[in-house]
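# Here is the input, now give the coordinates:
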Amino acid sequence: MIGCASHQFNLAVQALMREDDDILDKIHDLMVKLNTIKNWHHLREADTLMPVYRNTTRWISTFSMIDRYFRIYSKLDRIDDQLADVIPTPRENVRLKALFEDLKNLESVNKKLQTTMVSLLDVRALSSNITLRIP
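Next up, the predicted model:
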């Protein structure tokens with residue numbers, strides 16, 4: 001793994017997510033509220049997964065949190081009426097889905113950077129490809 005490239009990649013992804021911090025904070029607040037004993041019980045009854053938190057220094061935790069949100073989204077209406085304040089609006093969900101698709105693509109690049117057989121040429125090609133696809 002080429003450490004400097006991995007660090008630069010992490011910083012670039014963090015910069016990409018900054019414009020959606022308001023939605024990401026809302027999802028994090030939702031996950032915190034879902035982590036109460038009462039809501040755990042409702043989540044188990046709905047046969048759904050437990051909440052995942054965001055670690056702001058590691059973008060992959062944000063990716064995991066968004067993934068978990070979309071997996072439990074359809075069952076949120078059965079859990080608690082007080083969650084309505086922190087559940088994102090349909091417009092925010094559209095933005096979140098677009099960000100999630102970008103993060104899915106970036107996750108594959110991240111996995112490639114962590115392999116042992118990656119060269120500087122590979123890193124440069126991956127970086128160029130990312131800058132073309134994501135503004």
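
# which parts of the biggest helix by length in the chain are buried?
Longest helix of the chain, by residue count under DSSP state H: helix 90-113. By 16 or more other CB atoms under 10 Å, the buried positions in helix 90-113 come out as 93, 96, 99-100, 102-103, 106-107, 109-110, 113. For the C-beta atoms, the positions are set from N, CA and C on the backbone; glycine is no exception.

# what mean pLDDT does it have?
Throughout helix 90-113, pLDDT has a mean value of 85.

# Show me which of the buried residues of helix 90-113 is closest to residue 4.
Closest approach between the buried residues of helix 90-113 and residue 4, by CB to CB: residue 113, at 10.5 Å.

# re the thing from before, for residue 73, state which of the buried residues of helix 90-113 is nearest.
Proximity of those to residue 73 (CB to CB) peaks at residue 93, which lies at 7.9 Å.

# Now for the residue nearest to that closest one when sequence neighbours are not counted, how many residues are close by?
Nearest non-adjacent residue to residue 93, counting by CB to CB, 6 or more residues apart in numbering: residue 73, 7.9 Å away. Neighbour count of residue 73, defined by other CB atoms under 10 Å: 15.
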